[in-house]
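predicted model and sequence follow; I will ask about them next.
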Amino acid sequence: MSIISILTYLAAFMLYILVGWYFWRNTWNPLPADMNGHEFTTDNRIHYVMLVPLVLHAITLYQSMFIGEGLSFGLGNAISSIVWLTAFIYWFSGFFNRLQGLQTLVAPIAAAAAIAILLPLIFPSLRTLENTELPAFKAHLLIAMMAYSLLAIAALHALLMTVVERHLHHPVAHSVFTNLPPLLVMEKLLFRIIWAGFVLLTLTLVSGIVFSKEVFGQPLTFSHKTLFGFISWSVFAALLMGRQLYGWRGRIAIRWTLTGFGTLLLAYIGSKFVLEIILNR
């Protein structure tokens, strides 16, 4: 690895840490009331600064994934790509006024991205994937990564709702909840995110089944990844159906969201971890 590549990794890592630290400090230690306007202006600047580590992260992903012919997409690159896309989608959503109150999650997302950017170095890809030059494979991979990222944001959003709900029952004078939208608004946003992620997850499964030969170079085979993928899809389908038919909300919605995302993690990340790290295949 060249010195430039090492510096790119370090620069992105340090910038993620600094951005996460800034939002964490301002979330838990608010500025005086007479400086709120200054804080708002600074937050806007930091929001744009966040684009710098995102770009550097993308460069490191390109360097680690596209080595020679084919696509290196091992465990480290897979997690790093999903976290990067999650951070990018969340960063982009910050331009919309109705979502600015959710910047509470910037700190944990930046921290996760700082860790994820180093994973390709810790878990390098053992081999390149086949058939990566096919348009069907590229489309399948892109849709799958977007589905993972949106549902990851939904899971983080559900965790934040859990904290907010507890705060309502045990109020504490703390700034972390000051600018958050009402719980009902957060709940509506949660289901919008889940609907978008569910549609993409459906397209991922359908493309994997219908175009298995074109995407993977072989007919569809039953595996743990396939099993957990369909279980996760079923969980989110049941959640959305329960929402429409029975008005599921609150803790029920949160539990189903976290269960669905946990199962989705087992479907892909879990199976790759077992194959690459435990079985060394």
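That came in fine, so what should we check first?

please name the residues that touch Val49.
With C-beta atoms under 8 Å, 6 or more residues apart in numbering as the criterion, the residues that contact Val49 are 15, 19. Heads up, the C-betas are built off the backbone N, CA and C, glycines and all.

sorry, that was for Leu200
Contact analysis of Leu200 by C-beta under 8 Å, 6+ apart lists 143-144, 146-147, 150.

where's it, which helix or strand?
Leu200 belongs to helix 183-210 when assigned by DSSP states H and E.

can you give me the buried ones in that helix?
186-187, 189-191, 193-194, 196-198, 200-201, 203-205, 207-208 (16 or more other C-beta atoms under 10 Å).

what do you get for stretch 56-64?
Within stretch 56-64, the residues scored as buried using 16+ other C-beta under 10 Å are 56-57, 59-61, 63-64.

sorry, back to before: what about the helix holding Leu200, distance to the chain center?
Mean-position distance between helix 183-210 and its chain equals 13 Å (C-alpha atoms, centre = their mean, to the nearest Å).

for the nearest residue to Arg251 once chain neighbours are set aside, which three-state class applies?
Excluding the flanking residues, the one nearest Arg251 by C-beta to C-beta, 6 or more residues apart in numbering is Glu165, at 7.4 Å. Three-state assignment for Glu165 (DSSP: H, G, I helix; E, B strand; the rest coil): helix.

contacting residues for Glu165?
183, 250-251.

for Tyr9, state which of those residues is nearest.
For the contacts of Glu165, the minimum distance to Tyr9 (C-beta to C-beta) is 39.4 Å, reached by Leu183.

pLDDT value on the residue nearest to Arg251, please?
We have a pLDDT of 81 for Glu165.

and for Leu85?
Confidence score, pLDDT, at Leu85: 92.

Gly197 now?
We have a pLDDT of 95 for Gly197.

from Glu187, how far out is the closest residue to it other than its chain neighbours?
Using C-beta to C-beta, 6+ apart and skipping the chain neighbours, the partner closest in space to Gly197 is Leu150 (3.6 Å). Shown here: Leu150 relative to Glu187, a distance of 16 Å by C-beta to C-beta, to the nearest Å.

Ser93 too?
Shown here: Ser93 relative to Glu187, a distance of 17 Å by C-beta to C-beta.

which stretches of the stretch 51-200 of the chain form helices?
For the stretch 51-200 of the chain, helices defined by DSSP state H, counting those that start in this stretch occupy the ranges 51-65, 75-93, 106-116, 119-122, 135-169, 183-210.

average pLDDT for the third one, rounded please.
Confidence for helix 106-116, expressed as mean pLDDT, is 89.

same deal with the fourth one?
If you average the pLDDT over helix 119-122, you get 88.

how far is that helix from where the chain is centred?
Distance of helix 119-122 from the chain centroid (C-alpha atoms, centre = their mean) equals 18 Å.

now do that helix: which elements does it pack against?
Contact here means 3 or more C-beta pairs under 8 Å, 6 or more residues apart in numbering; DSSP states H and E; on that basis helix 119-122 packs against helix 51-65, helix 75-93.

what residues sit buried inside it?
Quick answer for helix 119-122 (16+ other C-beta under 10 Å): 119-120.

nearest to Trp24, of the contacts of Glu165?
If you rank the contacts of Glu165 by distance to Trp24 using C-beta to C-beta, Leu183 comes first, at 22.7 Å.

list the contacts of that closest one.
For Leu183, the contacting residues are 161, 164-165, 168, by C-beta under 8 Å, 6+ apart.

just checking, Trp233 touches Gly197?
No: using C-beta atoms under 8 Å, Trp233 and Gly197 do not qualify as a contacting pair, with a distance of 10.6 Å.
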